[in-house]
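Novice: Test case, fold it:
(chains A, B, C and D)
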There are 2 protein chains.
Amino acid sequence: MRIEDEIKQPIFRDEHQKGHINLVYTAGWLQLRQATAFKPYGLTLPQFNILRILRGQHPLPATVALLIDRMLDKTSNASRIVDRLEEKQLVTRTVCPANRRAVDIRITAAGLDLLSRIEQDGIIDVSGLRHLSATEVQQLNALLDKIRTED
Amino acid sequence: MRIEDEIKQPIFRDEHQKGHINLVYTAGWLQLRQATAFKPYGLTLPQFNILRILRGQHPLPATVALLIDRMLDKTSNASRIVDRLEEKQLVTRTVCPANRRAVDIRITAAGLDLLSRIEQDGIIDVSGLRHLSATEVQQLNALLDKIRTED
DNA sequence: CAACATTAAATGTATGTACATAAATTTGCA
DNA sequence: TGCAAATTTATGTACATACATTTAATGTTG
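Specialist: Here you go, the predicted model:
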């Protein structure tokens, strides 16, 4: 459906404004679909993303600073997302012996199990962009990178 | 900067996954810039968007249902965003006489003033997509609409 | 008309986002 | 050594998101 119809706004100031709104709307649409897919597993999207970063490090630990560095949303509060994962025993937190300011965060066996279960159920592999061809995805990536050009 | 460098992830499963992450990341980037621009006026992005919908209706009132219909994020809680605007006396809430279940929401003179002040300061007219040409914006809109194709 | 369903908004609860501040530890340097 | 600065994480507060439930008013139907 065209963005005009999705939000029932027939006229935009210009195509640039329409593109801006379309971009934000589409990203929200994708994230809501993903969040819905993870709900049966008791995970939110940020929790899932952090679990995946931790699996990428495994068996090495990650610090909060490393998580923030890798997260899509740098301003979110990694400490509290790790809180939730720790309550569910999907990760462990131990003071880093080498630097006692830092905290070593590790994914547990239960966390690894949960991730493979989600993947076996085909939750991740279904791309949200499956309606785009390879060429179209490349165009999209180029346009998005261009949008973020700093002056 | 390329998305690979922004989130320090050199390899993606495929271009589709990269496009997905790029899309979500870029939308967040745009929204953070906008939110920062509105901060000096004491408005959040959802508050600003609701004020604009109300100005579009003015001098007619809007109901909460109408706001939800027009909002980008349908699942957000319009009642509470209106709470904040009412506290700041930028909108009024009165029970709709014709249907006492509904609530008539109207933008106040102060609300209209604030919007024009923001516009006079050029906050809105600076498009977040200014690095794209007209052709590129059209391409982007077509790609985004295609992503949201329902099966 | 009474009982029940529907509609409109508000409220409750858990989580996340944005940003400021605090607490603990380490580092660097006079 | 001692002490200020920097680093790392946690905490506090305001607001938003996601979704379930509640409250009140209106519609509907037997």
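Novice: Quick one: name the residues of chain A near DNA strand C.
Specialist: A:44, A:46-47, A:73, A:75-77, A:80-81, A:84, A:99-101 (Cβ under 7 Å from any atom of the strand). Using the backbone N, CA and C atoms, a C-beta is placed for each residue, glycine as well.
Novice: swap the cut-off to 10 Å and go again
Specialist: Proximity of chain A to DNA strand C (Cβ under 10 Å from any atom of the strand) is limited to residues A:31, A:35, A:38, A:42-50, A:71-85, A:87-88, A:95-102.
Novice: Selecting buried members of those in ChimeraX, what would you type?
Specialist: Only the buried entries of the residues of chain A next to DNA strand C go into this ChimeraX selection, using 16 or more other Cβ atoms under 10 Å in any protein chain shown:
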select /A:31,38,43,45,46,47,48,49,50,71,72,76,78,81,82,84,85
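Novice: what subset of the residues of chain A next to DNA strand C is also close to chain B?
Specialist: Among those, the residues within reach of chain B (Cβ under 8 Å from any Cβ of the partner chain) are A:31, A:71, A:72, A:73, A:75.
Novice: Which of those residues fall in helices?
Specialist: Among those, the residues falling in helices (DSSP state H) are residue A:31.
Novice: What strand or helix carries the residue most central in space within chain A?
Specialist: Nearest to the mean C-alpha position of chain A, counting by Cα atoms, centre = their mean, stands residue A:49 at 4.9 Å. For residue A:49, the host element (DSSP states H and E) is helix A:45-57.
Novice: and that helix, what's its mean pLDDT?
Specialist: Taken as a whole, helix A:45-57 carries a mean pLDDT of 96.
Novice: One more: stretch A:2-21?
Specialist: 87.
Novice: Okay, now that stretch: how far is its last residue from its first?
Specialist: By Cα to Cα, to the nearest Å, the extent of stretch A:2-21 from end to end equals 12 Å.
Novice: Ok, stretch A:93-104 next?
Specialist: First-to-last distance for stretch A:93-104 - Cα to Cα - comes to 6 Å.
Novice: Just want the residue of chain A that's nearest DNA strand C.
Specialist: residue A:76 (2.8 Å; Cβ to the nearest atom of the strand).
Novice: Confirm for me that that residue is in contact with residue A:44.
Specialist: No: Residue A:76 is beyond contact range of residue A:44, at 11.0 Å (criterion: Cβ atoms under 8 Å).
Novice: for chain A, what spans make up the helices?
Specialist: Counting by DSSP H, the helices of chain A are A:3-6, A:15-38, A:45-57, A:64-70, A:78-87, A:109-120, A:134-147.
Novice: can you put those helices in CSV and add distance to DNA strand D?
Specialist: Below are those laid out as CSV (distance: least, Cβ to the nearest atom of the strand, whole Å):
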stretch, distance to DNA strand D
helix A:3-6, 14
helix A:15-38, 5
helix A:45-57, 9
helix A:64-70, 3
helix A:78-87, 3
helix A:109-120, 17
helix A:134-147, 20
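Novice: Need the ones you listed in a markdown table (columns: distance to residue B:139).
Specialist: What follows is the helices of chain A, written out as a markdown table (distance: least, Cβ to Cβ, whole Å):
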| stretch | distance to residue B:139 |
| --- | --- |
| helix A:3-6 | 14 |
| helix A:15-38 | 9 |
| helix A:45-57 | 28 |
| helix A:64-70 | 30 |
| helix A:78-87 | 36 |
| helix A:109-120 | 33 |
| helix A:134-147 | 6 |
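Novice: Residue B:63: which of the ones you listed is closest?
Specialist: Closest approach to residue B:63 among the helices of chain A (Cβ to Cβ): helix A:3-6, 19.8 Å.
Novice: distance between that closest one and the chain's centre?
Specialist: 25 Å (Cα atoms, centre = their mean, to the nearest Å).
Novice: tell me which residues in that helix are buried?
Specialist: A:3, A:4, A:6.
Novice: Using PDB, write out every CA atom in stretch A:127-146.
Specialist: Only the C-alpha atoms of stretch A:127-146 are listed here, as PDB (Å, rounded to 0.1, in the frame of the first residue of the first chain):
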ATOM      1  CA  SER A 127      13.900 -11.400   5.400                       C
ATOM      2  CA  GLY A 128      11.600  -8.400   5.800                       C
ATOM      3  CA  LEU A 129      12.900  -7.200   2.500                       C
ATOM      4  CA  ARG A 130      12.000 -10.300   0.600                       C
ATOM      5  CA  HIS A 131      10.000  -8.400  -2.000                       C
ATOM      6  CA  LEU A 132      13.100  -6.600  -3.200                       C
ATOM      7  CA  SER A 133      15.400  -8.000  -5.800                       C
ATOM      8  CA  ALA A 134      19.200  -8.100  -5.300                       C
ATOM      9  CA  THR A 135      19.500  -5.000  -7.500                       C
ATOM     10  CA  GLU A 136      16.800  -3.100  -5.600                       C
ATOM     11  CA  VAL A 137      18.400  -3.900  -2.200                       C
ATOM     12  CA  GLN A 138      21.700  -2.500  -3.500                       C
ATOM     13  CA  GLN A 139      19.900   0.700  -4.700                       C
ATOM     14  CA  LEU A 140      18.200   0.900  -1.300                       C
ATOM     15  CA  ASN A 141      21.500   0.600   0.600                       C
ATOM     16  CA  ALA A 142      23.200   3.200  -1.500                       C
ATOM     17  CA  LEU A 143      20.300   5.700  -1.000                       C
ATOM     18  CA  LEU A 144      20.200   5.100   2.800                       C
ATOM     19  CA  ASP A 145      24.000   5.600   3.100                       C
ATOM     20  CA  LYS A 146      23.600   8.800   1.100                       C
END
